[in-house]
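Trainee: Here's my sequence, what's the structure:
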Amino acid sequence: MRKNWDKSKMISEDQIVKIEKAKHLGDHKLKLSFNDGTEQTIDFSHFLSNSLNPLIRKYLNRNEFMKYKIDEGDLEWNDYDLCFPVADLYENNIRP
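Mentor: Model prediction:
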């Protein structure tokens, strides 16, 4: 189920979208700010807790989750050990 999904926030074919900032809001929630002014609050809890992969589930640990960073417009953890397509984050559409 998509939460807070807004069809108007889909990336167009010629649009280049990058993440500029990420702010931790508690638990496994981040507020992402994109280069076009769009902001999304993403709750990664469902994705992480429903993954069967222990390498992904380790990010349920707050200390591991807090190791996120923005690298050239991408949100990633531990040198791309965990990352998501920018388009999915922009549309707030991440799935396990």
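Trainee: List the buried residues in stretch 34-44.
Mentor: Phe34, Thr38, Gln40, Ile42, Asp43, Phe44 (16 or more other C-beta atoms under 10 Å). Using the backbone N, CA and C atoms, a C-beta is placed for each residue, glycine as well.
Trainee: Same question for stretch 71-90.
Mentor: Leu75, Glu76, Trp77, Leu82, Phe84, Val86, Leu89, Tyr90.
Trainee: hey, where'd the strands end up in the protein?
Mentor: Using DSSP state E, the strands found in the chain span residues 19-26, 29-34, 39-43, 68-71, 74-77, 82-83.
Trainee: Nearest to Asn53, out of these?
Mentor: Evaluated over the strands of the chain, closeness to Asn53 peaks at strand 82-83, with 9.7 Å, by C-beta to C-beta.
Trainee: Now do the nearest residue to Lys31 once chain neighbours are set aside, the pLDDT please.
Mentor: Distances taken as C-beta to C-beta, 6 or more residues apart in numbering place Lys23 nearest to Lys31, at 4.5 Å, with adjacent residues excluded. On pLDDT, Lys23 comes in at 98.
Trainee: And Lys23, how close does it get to Ile42?
Mentor: For Lys23, the distance to Ile42 (C-beta to C-beta, to the nearest Å) stands at 11 Å.
Trainee: between these two, what contacts are shared?
Mentor: Taking C-beta atoms under 8 Å, 6 or more residues apart in numbering as the criterion, Lys23 and Ile42 both touch Leu30, Lys31.
Trainee: Format the buried residues of stretch 34-44 as TSV; extra columns: pLDDT.
Mentor: Below are these laid out as TSV (pLDDT from 0 to 100):
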residue	pLDDT
Phe34	97
Thr38	96
Gln40	97
Ile42	98
Asp43	97
Phe44	98
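Trainee: Can you give me every residue that contacts the residue lying closest to Phe34 once chain neighbours are set aside?
Mentor: With C-beta to C-beta, 6+ apart as the criterion, Phe34 has its nearest non-adjacent residue at 5.5 Å, and that residue is Val17. Residues near Val17 by C-beta under 8 Å, 6+ apart: Ile11, Phe34, Asn35, Asp36, Thr38, Gly73, Val86, Ala87, Tyr90.
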